[in-house]
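In: show me how the following folds:
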Amino acid sequence: MDKLRIGVIGIGVIATTKHIPSLLKRDDIEIAALCDVDTGRCEKANKDFALKAKIYKDYHELCQDAGLDVVHVCTPNPLHCEMTLEALKNGKHVHCEKPMACTYADTQKMIAAAKEAGKKLTVGLQWRYNPAPLKMKEMVENGELGEIFHVRSQQLRPRRLPAYGVYTNKELNGGGVLMDGGPHSIDLPMWLTDNYDVATVRGVTFDKMKDFPEGNDLGPWDPQNFDVEDTAMALITMKNGMMIYMETAWATNMQQEAPGVIASLAGTKAGVDMVGPTFESSVRVTKMVDGKLNTETTNLDTPVNMNEYDINHWIDAIKNDGQPAVLPEQAAVVTRVIEAIYESAATGKTIAFDS
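Out: Next comes the predicted model:
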């Protein structure tokens, strides 16, 4: 296969820090088109990355470009479904940023459209692919932990709310932290245990911090333009009885030393978690050794760039007709759980998944 020609829709932070740099590490692709309602962003990206991409303002026109093979959707969340459907309708493979969509019903439309078009679809849930989670996944698959019955995932940012863009606007972003850090915090424990079979969800959300923008790492936000949740917690029970406790926050008066998503797994033979000072590349294993409980921390020296891992597996899946690293069916369950957390928070009820 010749070089894959790729178009990117939405030239914001995720496009310019993950997608474009990771794609440019490969010599078998060409970033041939860029699209944004602010075409100045496209012009800047062309200059910053030494691209010669065609610039579009209308995503329909980019999707209809017969010279493109692949489309990356890096726009605000409520646009993910419609743009993915348009790209698939025009015969493109699609990499869609997380969350896959704002509703579970929309994820099912996207999956059905990909199957009808005979094209591949993936979603940007790259936090799985750091050295520590990869090692934990290996331990689970080798049976080193025994039966896993309790998993915890956590991403508590003391003051790291993305004040730029539309993150604090429900209409434009679809929600708050559950639409930002939430997909990673929900996906990571399910991926580690290869268990997306949810029984029930009980969730709570808070917007208590919206009037306290001081000291935010990513700049001050406007409390008057803040109608989303800044904190969310959920108890997710799987059909095999395993329990996941998830918590995620943009701004909280609690300290988590890890910069990103961390996870802990408790099994009948051993437990493992991600610890500092290098959370993404250190694992701590606790188990019985010679009749005594022993804890040992291992620093993993295998370099893995999660963004490049995601993009490389995606491009390889297209070129070799394989599976992408993130399956759309997995990402769809994540969206369904997010929907259930919102519903549970609003009603105070536990939400049961019938099928």
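In: my guess is N77 contacts M100. True?
Out: No - using CB atoms under 8 Å, N77 is not in contact with M100, being 9.2 Å away. C-beta here means a position set from N, CA and C on the backbone, and glycine is covered the same way.
In: what about these two, which has more around it?
Out: M100 (34 against 23; other CB atoms under 10 Å).
In: grab the nearest non-local neighbour of the more buried one.
Out: A331 (4.1 Å; CB to CB, 6 or more residues apart in numbering).
In: helices or strands up against the helix or strand harbouring the one you found?
Out: Taking DSSP states H and E as the definition, A331 sits inside helix 328-347. Where contact means 3 or more CB pairs under 8 Å, 6 or more residues apart in numbering; DSSP states H and E, helix 328-347 is packed against helix 104-117, strand 121-124, helix 177-180, helix 182-193, strand 198-206, strand 231-238, strand 351-352.
In: average pLDDT for it?
Out: For helix 328-347, the mean pLDDT works out to 98.
In: what bits of the stretch 1-150 of the chain have low per-residue confidence?
Out: Applying pLDDT under 70 to the stretch 1-150 of the chain flags the ranges 1.
In: circling back: need the helices and strands packed on helix 328-347 in a markdown table with distance to K135 and mean neighbour count, can you?
Out: Converted to a markdown table, those look like this (distance: least, CB to CB, whole Å; neighbours: other CB atoms under 10 Å):
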| stretch | distance to K135 | mean neighbour count |
| --- | --- | --- |
| helix 104-117 | 30 | 17 |
| strand 121-124 | 22 | 27 |
| helix 177-180 | 26 | 25 |
| helix 182-193 | 10 | 26 |
| strand 198-206 | 25 | 19 |
| strand 231-238 | 22 | 21 |
| strand 351-352 | 33 | 16 |
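In: of all those, which lies closest to M139?
Out: M139 sits nearest to helix 182-193 of all the helices and strands packed on helix 328-347, at 9.2 Å, using CB to CB.
In: that closest one vs strand 231-238, what angle?
Out: 30 degrees (axes from the mean of the first three to the mean of the last three CA atoms, to 10 degrees).
In: list the buried residues in the helix holding A331.
Out: 328, 330-342, 344-345 (16 or more other CB atoms under 10 Å).
In: now swap in stretch 238-247 and tell me
Out: For stretch 238-247, by 16+ other CB under 10 Å, it's M238, M242, M243, I244, M246, E247.
In: and if you look at stretch 77-90?
Out: By neighbour count with 16+ other CB under 10 Å, stretch 77-90 contains the buried residues 77-88, 90.
In: which helix or which strand is home to A263?
Out: Counting by DSSP H and E, A263 is part of strand 262-267.
In: which strands border that strand, and is each parallel or antiparallel?
Out: strand 148-156 (antiparallel), strand 270-274 (antiparallel) (DSSP bridges).
In: which one of those lies closest to Y56?
Out: strand 148-156 (34.2 Å).
In: can you tell me what sits against that closest one?
Out: Residues outside strand 148-156 that contact it (CB atoms under 8 Å, 6 or more residues apart in numbering) are 140, 181, 184-186, 188-189, 192-193, 241-249, 252, 254-256, 258, 260-268.
In: V275 and T297 touch, don't they?
Out: Yes - with contacts counted by CB under 8 Å, V275 reaches T297, the gap being 6.0 Å.
In: what touches both of those two?
Out: Common neighbours of V275 and T297 (CB under 8 Å, 6+ apart) are S282, V283, R284.
In: what's the angle from the helix holding A331 to helix 182-193?
Out: 120 degrees.
In: now the angle between strand 198-206 and helix 328-347, please.
Out: 50 degrees.
In: how distant is helix 328-347 from the center of its chain?
Out: 14 Å (CA atoms, centre = their mean, to the nearest Å).
In: same deal with stretch 99-108?
Out: Relative to the mean C-alpha coordinate of its chain, stretch 99-108 is positioned 13 Å out (CA atoms, centre = their mean).
In: show me the contacts for the closest residue to A132 other than its chain neighbours.
Out: By the measure of CB to CB, 6+ apart, the closest residue to A132 outside its immediate chain neighbours is M274, 4.6 Å from it. With contacts defined as CB under 8 Å, 6+ apart, M274 is in contact with A132, P133, M136, A258, I262, A263, S264, E280, S282, V283, R284.
In: for M274, give the beta-bridge partners.
Out: Bridge pairing for M274 - DSSP bridges - gives V283.
In: and the residue nearest the centre of the chain, how far is that from M274?
Out: With distances taken as CA atoms, centre = their mean, L125 lies nearest the centre of the chain, 3.2 Å away. Relative to M274, L125 is positioned 17 Å away (criterion: CB to CB, to the nearest Å).
In: still on that earlier bit, could you check how far the residue nearest to M100 is from A113?
Out: 14 Å.
In: my guess is V333 contacts V198, does it?
Out: Yes - with contacts defined as CB under 8 Å, V333 counts as touching V198 at a distance of 6.6 Å.
In: give me the buried subset of the contacts of M274.
Out: A132, P133, M136, A258, I262, A263, S264, E280, S282, V283, R284.
In: turn the residues you listed into JSON lines, including distance to I29.
Out: Output for the buried ones among the contacts of M274, formatted as JSON lines (distance: CB to CB, whole Å):
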{"residue": "A132", "distance to I29": "29"}
{"residue": "P133", "distance to I29": "26"}
{"residue": "M136", "distance to I29": "31"}
{"residue": "A258", "distance to I29": "32"}
{"residue": "I262", "distance to I29": "32"}
{"residue": "A263", "distance to I29": "32"}
{"residue": "S264", "distance to I29": "37"}
{"residue": "E280", "distance to I29": "26"}
{"residue": "S282", "distance to I29": "33"}
{"residue": "V283", "distance to I29": "33"}
{"residue": "R284", "distance to I29": "38"}
